[in-house]
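>>> here is a sequence with its predicted model. Questions after.
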There are 2 protein chains.
Amino acid sequence: MNIPSSKHPRVVIVGGGFAGISFVKKLFNKPVQLVLLDKRNYHTFQPLLYQVSTSGLEPDSIAYPLRKILNKSNNSFFRLAEVHQILPENRTVETNIGSLVYDYLIIATGSKTNFFGNKNVEKNAVWMKSVPQALNLRSLILENFEQATITEDEDRRKALLNFVIAGAGPTGVELSGALAELKNHIVTKDYKDLNPDEIHVHLLEGEQRVLPPMSEKSSANAQRFLENLGVKVHTSTFVEDYQNNIVTTNTGKKFKTETFIWSAGVTGAPVRGLKAHAFVEKTNRYQVNQFNQVHGHEHIFAIGDIAIMQNEDYPNGHPMVAQPAIQQGEHLAKNLLLLLNNKSMKPFSYFDKGTMATIGRNKAVVDLGKIRFGGFSAWFVWMFVHLWFLVGFRNRIVTFFNWVYNYINYDRAARLIVRPFKTKRVEMNDAD
Amino acid sequence: MNIPSSKHPRVVIVGGGFAGISFVKKLFNKPVQLVLLDKRNYHTFQPLLYQVSTSGLEPDSIAYPLRKILNKSNNSFFRLAEVHQILPENRTVETNIGSLVYDYLIIATGSKTNFFGNKNVEKNAVWMKSVPQALNLRSLILENFEQATITEDEDRRKALLNFVIAGAGPTGVELSGALAELKNHIVTKDYKDLNPDEIHVHLLEGEQRVLPPMSEKSSANAQRFLENLGVKVHTSTFVEDYQNNIVTTNTGKKFKTETFIWSAGVTGAPVRGLKAHAFVEKTNRYQVNQFNQVHGHEHIFAIGDIAIMQNEDYPNGHPMVAQPAIQQGEHLAKNLLLLLNNKSMKPFSYFDKGTMATIGRNKAVVDLGKIRFGGFSAWFVWMFVHLWFLVGFRNRIVTFFNWVYNYINYDRAARLIVRPFKTKRVEMNDAD
């Protein structure tokens, strides 16, 4: 790869998610050469992908060009590249556009959807971890409504209008709430030839309550909010299979649906090449010490979802969400500068800023340490925090305006069917 | 098709472009049943497609859900359908979702790209008549820059950075200007490892001047503005061929390019089924009388680009742009109400509101009757008029905000590569 040589050590970062960009931003114009590799040319604000799927936001509002992040710095390079393999003995990464030697390698490849080995779910369900997948889901939902208006087969119509979501983490909860609002506010206005009572949203969760990582109070609030919107919540319910448009569960329930959305878990997205003992097989995450150094690899670090840093407080590592990724990225940048100055690195410690999820108009739940609250104030906090963390002034303004507009008008304005998804469902998910 | 029967006559409209939506809007809640058919679920504001291609605007800002337009009315239906054939003797249209009987049929299918029979251009060039095509072109332009940064083959790099546009009508002129601004403002900031001097934009035009339908003064202004931006304008230059990445012309010039954009003409996009004498073969447009009635078909009307109404002032019909389409749509709606009340219809007369084109930052040309002006004031008028005609309050605000943001920051913020276009170029164009 044609990166000019530099008198400074070369730091190669794989992945421009929360962890990767937090890391590079702290090293702009410092005595290192930064090379950021990503298979996409933009950073994705994953917590709002569900709003793209449900026509609330345009994709460009929640994505940000990676080159635009880097252009504030004169020591950094971006390459649109997919990393195939790491060769640690040569300090080299191999990519689809050639190989590159590093002095330090930062792995920030994040996570991917976890199907827990269920091949039928992987083949037939849909999910959203990327902008193209979210756009495909948007097209699928809208085309379902279109097809439901024209079909004369009652069974088919019911299957088209039945939405089943597996996994009641923040994504599943927020998506169910948004789908219920599409039904309540958009279908009633725009699809007058559909009967909105035929639209059903089912949320399935294996644990005993929704939002299992949150407090019991917030779980109970969230479930109440969802049910008020018309979402049918099924807890202690595991999905066993999905084929021929039928979801079957351990409780014997069957759901006939053409749209089964899988948001039941994630697993690390590692790169080939590191020794087996470098990662914890069960979760596919790299085992790192308190400095985010990958076990057995002095010059390789991992941050964010792909890293598992086990300690007393977090025996299973930190939660695979934005905050640990951001904090690890920033912390590692400081540590790297210490290391380059022959000083001792400082151990990472996670500052839990709280957890939140929104359920719909005026409704959210927030856990801030011992403080738990829900409803309008929580919804307000949720919006403020998400705007704050969105990358870029333009994105914040456009998102804010769209929220205000949608709020006042009970609207979801971005309702274009733009992607061809009709072929095979598996292609739809490949779309990243 | 399952449209309920009505005591009012059924008016079927094919196409939700400028003509189609201007027509239906005037008949909301009148004693007719409206059925709008379109193969897309949204109206496209075609004059701003070029800004989607060049990362200035998001697609959702220039498109508007057709159902949202119709939801203000209680006598109208939308169906996502592609019309295959008209059977005038049975007053029926056949579509991919079944057939539908009409009392009156309004054909508003618009135009498609005209390759003047050049098969190689059709196979190898790119063009943009739809949102998906504009998004594909955006991805192609951005990926060209990415590939140019990594290739070590100098010839290939030059071909990647050479943009050739055929046809200096408003689309070609506006696209060339926007590409030149991408080079001047974005590449210099974001692609520091590219040499912007290697990027060239060539605009080819068969006539002796750019913007041939406009005044000579405006043509001269536009050409000067383009050249100041760095666009190389080649007038009196016809394209003869494009293959193996080489554009050849009648003047013996050769351009090596991986991106040849064809905006050299449009032709009608008729539907199968009407008698041969109903349309003018050379332009593929339906011959209509002064009431927009298709020649030989009493119950069939055509409006917009697809209609050719020849009279003394317009021996070749009206220009294939937005204004005649909007005016014909509105006029026909009034005429139809007269017809239903057994009154005489009134002949259509076109009110020419003028022609304009923008070339870039602060630069545009406007012809308003005898008044011709260019520069900043024209640019301001251009922006105002385009915002005025954009459909929807949200779209206007978001577009306006993006323009202000891009203007202040010399930015083009929507720079995501989101569509897979790498396979075959021909698929890229099929993407509508």
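Cool, the structure landed.
>>> quick one: pLDDT of the spatially closest residue to residue A:38 that is not a sequence neighbour?
Take residue A:38 and drop its neighbours on the chain: the residue closest to it by Cβ to Cβ, 6 or more residues apart in numbering or on different chains is residue A:16, 4.2 Å away. The way it works is simple: take the backbone N, C-alpha and C, and place the C-beta from them, glycine included. Note for residue A:16: predicted pLDDT of 97.
>>> wait, residue A:16 touches residue A:43, no?
Yes - at 5.0 Å, residue A:16 counts as touching residue A:43 under the criterion of Cβ atoms under 8 Å.
>>> more neighbours: which of those two?
Taking other Cβ atoms under 10 Å in any protein chain shown, residue A:16 and residue A:43 do not tie; residue A:16 has more neighbours (28 against 23).
>>> which strand or helix spans the more buried one?
Here residue A:16 sits in a region with no helix or strand, counting by DSSP states H and E.
>>> before we move on, the earlier item: what about the residue nearest to residue A:38, distance to residue A:6?
Using Cβ to Cβ, to the nearest Å, residue A:16 is found at 20 Å from residue A:6.
>>> follow-up on the earlier one: need the residues touching each of residue A:16 and residue A:43.
Taking Cβ atoms under 8 Å, 6 or more residues apart in numbering or on different chains as the criterion, residue A:16 and residue A:43 both touch A:66, A:69.
>>> can you get me a residue count around residue A:385?
Close neighbours of residue A:385, defined as other Cβ under 10 Å, add up to 15.
>>> tell me which helix or strand it sits in.
helix A:376-389.
>>> quick one: low-confidence ranges for chain A?
Residues of chain A meeting the criterion pLDDT under 70: A:419-432.
>>> so what's the residue minimising distance to the centre of it up against?
Nearest residue to the geometric centre of chain A (Cα atoms, centre = their mean): residue A:46, 3.9 Å. By Cβ under 8 Å, 6+ apart, the contact list for residue A:46 reads A:17, A:129, A:322.
>>> can you pull the phi/psi pair for it?
Dihedral pair for residue A:46: phi -60, psi -30, per degrees, to the nearest 10.
>>> so how far is residue B:104 from it?
Taking Cβ to Cβ as the measure, residue A:46 falls 50 Å from residue B:104.
>>> equivalent analysis for residue A:294, please.
Residue A:294 is 71 Å from residue B:104, where distance means Cβ to Cβ.
>>> which of these two has more neighbours?
Legend: neighbour count by other Cβ under 10 Å for residue A:294 and residue B:104, higher for residue A:294 (25 against 19).
>>> run through the residues that contact the more buried one.
Counting by Cβ under 8 Å, 6+ apart, residue A:294 touches A:107, A:274, A:278, A:286, A:287, A:288, A:300, A:301, A:302, A:307.
>>> in TSV: the residues you listed, plus neighbour count, distance to chain B and secondary structure.
Shown next, in TSV, are the contacts of residue A:294 (neighbours: other Cβ atoms under 10 Å in any protein chain shown; distance: Cβ to the nearest Cβ, whole Å; DSSP: H, G, I helix; E, B strand; the rest coil):
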residue	neighbour count	distance to chain B	secondary structure
A:107	32	22	strand
A:274	23	26	coil
A:278	20	29	helix
A:286	27	28	strand
A:287	20	33	strand
A:288	27	31	strand
A:300	24	24	strand
A:301	27	25	strand
A:302	34	26	strand
A:307	29	27	strand
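>>> kindly report the residues of the stretch 251-400 of chain A close to chain B.
Contact residues, the stretch 251-400 of chain A versus chain B (Cβ under 8 Å from any Cβ of the partner chain): A:392, A:393, A:394, A:395, A:397, A:398.
>>> for the fourth one, which non-adjacent residue is spatially closest?
Nearest-residue entry for residue A:395: residue A:61, 5.2 Å, with adjacent residues in sequence omitted and distances by Cβ to Cβ, 6+ apart.
>>> okay, now the one you found: neighbour count?
Each residue near residue A:61 was counted by other Cβ under 10 Å, and the total is 29.
>>> same question for the one 4 residues further on.
Per other Cβ under 10 Å, the neighbour tally for residue A:65 reads 28.
>>> across the sheet, point out what pairs with it.
On the basis of DSSP bridges, residue A:65 is bridged to residue A:42.
>>> ok, the residue of the stretch 151-300 of chain A found nearest chain B - contacts?
Closest contact between the stretch 151-300 of chain A and chain B, by Cβ to the nearest Cβ, is at residue A:190 (4.0 Å). Listed by Cβ under 8 Å, 6+ apart, the contact partners of residue A:190 are B:65, B:67, B:68, B:70, B:71.
>>> try residue A:344
Taking Cβ under 8 Å, 6+ apart as the test, what residue A:344 contacts is residue A:338.
>>> and for the one 4 residues further on?
When the contact criterion is Cβ under 8 Å, 6+ apart, the partners of residue A:348 are A:290, A:291, A:292, A:309, A:327, A:328, A:331, A:332.
>>> how does it look with 7 Å?
Contacts for residue A:348 (Cβ atoms under 7 Å, 6 or more residues apart in numbering or on different chains) come out as A:290, A:291, A:292, A:309, A:328, A:331.
>>> the first one: neighbour count?
In this case it means residue A:290. For residue A:290, the neighbour count with other Cβ under 10 Å is 15.
>>> for it, which non-adjacent residue is spatially closest?
If the residues on either side of it in the chain are set aside, residue A:290 comes closest to residue A:347, at 3.7 Å by Cβ to Cβ, 6+ apart.
>>> how close does that neighbour get to residue B:80?
Here residue A:347 is placed at a distance of 57 Å from residue B:80 (Cβ to Cβ).
>>> who has more neighbours, these two?
Shown here are residue A:347 and residue B:80; by other Cβ under 10 Å, residue B:80 has more neighbours (22 against 13).
>>> for the nearest residue to that one once chain neighbours are set aside, grab phi and psi.
Spatial nearest neighbour of residue B:80, excluding adjacent residues (Cβ to Cβ, 6+ apart): residue A:146 at 4.4 Å. The phi and psi torsions at residue A:146 (degrees, to the nearest 10) take the values phi -60, psi -50.
>>> so what's the residue count around residue A:146?
Applying other Cβ under 10 Å, we find 20 other residues in the vicinity of residue A:146.
>>> surely it meets residue B:78?
No - the pair residue A:146 / residue B:78 is not scored as a contact, 8.7 Å apart, by Cβ atoms under 7 Å.
>>> can you give me the helices in chain A?
For chain A, the helices defined by DSSP state H occupy A:18-25, A:49-53, A:66-70, A:119-124, A:131-150, A:154-160, A:170-181, A:188-190, A:216-229, A:322-340, A:376-389, A:393-409, A:425-430.
>>> what are the buried residues along the fifth one?
Judged by neighbour count using 16 or more other Cβ atoms under 10 Å in any protein chain shown, the buried positions of helix A:131-150 are A:131-150.
>>> please apply the same query to the fourth one.
Within helix A:119-124, the residues that qualify as buried are A:120, A:121, A:122, A:124, counting by 16+ other Cβ under 10 Å.
>>> those also near chain B: which ones?
Near chain B, judged by Cβ under 7 Å from any Cβ of the partner chain, there are no entries from the buried residues of helix A:119-124.
>>> of those residues, closest to chain B?
Using Cβ to the nearest Cβ, the buried residues of helix A:119-124 come closest to chain B at residue A:122, 20.3 Å.
>>> no more questions from me, cheers.
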